[in-house]
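Peer 1: sequence unavailable; structure follows:
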């Protein structure tokens, strides 16, 4: 299954807001529809957003205002702007040239995820490994297979995976809704845990490695990822457990010197005071909702890309 693709003149994508209850494919014909899908997280995950950005430039058909709106749809994940820029560089060649560039980005992402899975599995030592992860970094976050969960899939295929401990990932439950769905589909053993249980289980020796994805990696190795990642990094450091970031080269942003320069998206109070549309806090309760946090590079054991292993 592909999370996002170009089919018969439109962008097709899995609506991730409906999972795990329904697996519905949307056909997107306009940039406005695509921007709306990105903002409501129907399509999400750094690699998938890169492909979405590139395919969106095809839909824009040379309209620079639409291209700019697409590029700014989400501020933290660098891959969206990267994908837009890569495809837009071919505007002078016409729609066919832009489409060809976008499809190359799609195909490159598939190849990159396979390579990251192999490189990451080679890096992590041991058999019957117990892996902890946060958010969703599988095929739903890319075109196919994924980043950190792609490493998990490779470990599972090699017979080296004992279990995955999946953080639920409040407030939108990407771990509970999406990662568990993907692990069940691949037949990988897993258990779901509350976000706050992660550091405790690390301290109890229940984990051999933490694998996360990334939405932006600064030039010094500081890494922005789903909120909750920093707490895991602190827990892993204290427990002496490897903390590994898995992301494509396109997620590394040399124009951002360090984590303090990364813009962190705040998604508003509604996601905090409600769960799947059900209110859990009194009316009028104020909330703070950073969607990401930044893990300093000195807490990161390694960054795995499709080309190399970086030790910050």
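Peer 2: In hand now; what should we look at? Just so we're clear, the structure is a prediction, and the values are computed from it rather than from any experiment.
Peer 1: which residues of the stretch 1-150 of the chain fall in helices?
Peer 2: Assignment of helices within the stretch 1-150 of the chain using DSSP state H, counting those that start in this stretch yields the ranges 31-39, 46-60, 64-71, 78-88, 95-123, 148-157.
Peer 1: how about a markdown table for the ones you listed, with distance to residue 196 added?
Peer 2: To be clear about C-beta, it is placed using only N, CA and C from the backbone, and glycine gets the same treatment. What follows is the helices of the stretch 1-150 of the chain, written out as a markdown table (distance: least, CB to CB, whole Å):
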| stretch | distance to residue 196 |
| --- | --- |
| helix 31-39 | 28 |
| helix 46-60 | 25 |
| helix 64-71 | 36 |
| helix 78-88 | 29 |
| helix 95-123 | 26 |
| helix 148-157 | 20 |
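Peer 1: which helices and strands does the longest strand that the chain contains pack with?
Peer 2: Of all segments of type strand in the chain, defined using DSSP state E, the longest is strand 161-167. Applying 3 or more CB pairs under 8 Å, 6 or more residues apart in numbering; DSSP states H and E, one finds that strand 161-167 contacts strand 129-133, helix 148-157, helix 180-186, strand 190-193, helix 197-203.
Peer 1: nearest residue to the residue nearest the centre of the chain in space, please, no chain neighbours.
Peer 2: Centroid check for the chain by CA atoms, centre = their mean gives residue 45 as the closest residue, at 3.2 Å. By the measure of CB to CB, 6 or more residues apart in numbering, the closest residue to residue 45 outside its immediate chain neighbours is residue 141, 2.5 Å from it.
Peer 1: quick one on the thing from earlier: return the most buried member of the helices and strands packed on strand 161-167.
Peer 2: Burial of those is given as mean neighbour count (mean count of other CB atoms under 10 Å); helix 148-157 ranks first at a mean of 26.
Peer 1: who touches that helix?
Peer 2: Under the contact criterion CB atoms under 8 Å, 6 or more residues apart in numbering, helix 148-157 has outside partners 113-114, 116-118, 120-121, 124, 129, 131, 133, 136-139, 141-142, 145-146, 161, 164, 179, 182-183, 186-188, 211-213, 244-246, 304.
Peer 1: next one: stretch 38-47
Peer 2: For stretch 38-47, the surrounding residues in contact (CB under 8 Å, 6+ apart) are 3-4, 13-17, 26, 36-37, 49, 52, 70, 73-74, 77-80, 109, 112-113, 136-137, 140-143, 146-147, 172, 174, 213-216, 247-248, 250-251.
Peer 1: contact partners for the nearest residue to residue 193 once chain neighbours are set aside?
Peer 2: Closest residue to residue 193 in three dimensions, ignoring its sequence neighbours and counting by CB to CB, 6+ apart: residue 165, at 5.5 Å. Contact partners of residue 165, counting by CB under 8 Å, 6+ apart, are 130-133, 190-191, 193, 198, 201, 206-207.
Peer 1: for residue 278, state which of those residues is nearest.
Peer 2: Distances from the contacts of residue 165 to residue 278 were compared by CB to CB; the smallest belongs to residue 193, at 21.7 Å.
Peer 1: does that closest one have beta-bridge partners, and which?
Peer 2: Going by DSSP bridges, residue 193 is paired in beta bridges with residue 167.
Peer 1: rewinding a little: could I get the pLDDT score of the residue nearest to residue 45?
Peer 2: Confidence per residue is given as pLDDT, and for residue 141 that number is 98.
Peer 1: and what of residue 175?
Peer 2: In this model, residue 175 is scored at 98, pLDDT.
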